[in-house]
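**Q** sequence first, then the predicted structure:
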Amino acid sequence: MFCNFTTYEKIMAQNKNAQIRYKALDKCFSNRYKKFYINDLIDYCSGVLTEHYAQETTVSRRQIFDDMDFMRSEARCKSSAKSVLI
C-alpha cells in the first residue's frame with residue numbers, strides 16, 4: 001500500500017488552518033466591546049494565519065462564512081446533547 005504524503009500533508013494543513021481560524025473567530029465573537037464586520041474577520045483570520053506560518057496567507061469571504069456555519073452547527077449539537085443528558 002502506497003501512501004500519498006502530499007495529499008495527507010495537504011489535508012492536515014487544511015485541518016490545522018481550520019482550527020486556527022475557529023480559535024481566531026471565537027476570540028472575535030467573544031469580544032463584547034468591538035463589533036466585527038466580515039472584512040474585520042477576514043483581516044483578523046488572515047493576520048493570525050500569516051503570523052503562524054510567517055508568510056502571507058489570506059482567507060476568503062466564503063471560507064469565513066463556512067466556518068461560521070460550522071461553528072453554529074457545532075454549538076447547536078452541543079446544546080441539544082446537553083438537553084438529552086438532562
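**A** Received, thanks.

**Q** kindly provide the distance from Asp40 to Ala18.
**A** Distance of Asp40 to Ala18, computed by C-beta to C-beta, to the nearest Å: 19 Å. The way it works is simple: take the backbone N, C-alpha and C, and place the C-beta from them, glycine included.

**Q** show me where the protein has its helices.
**A** Assigned by DSSP state H, the chain shows helices spanning 5-30, 38-53, 61-85.

**Q** in a markdown table, list the ones you listed along with mean neighbour count.
**A** Compiled in a markdown table, the helices of the chain are given as follows (neighbours: other C-beta atoms under 10 Å):
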| stretch | mean neighbour count |
| --- | --- |
| helix 5-30 | 13 |
| helix 38-53 | 16 |
| helix 61-85 | 11 |
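
**Q** can you list those in JSON lines and add mean pLDDT?
**A** As requested, these are exported to JSON lines (pLDDT from 0 to 100):
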{"stretch": "helix 5-30", "mean pLDDT": "76"}
{"stretch": "helix 38-53", "mean pLDDT": "96"}
{"stretch": "helix 61-85", "mean pLDDT": "77"}
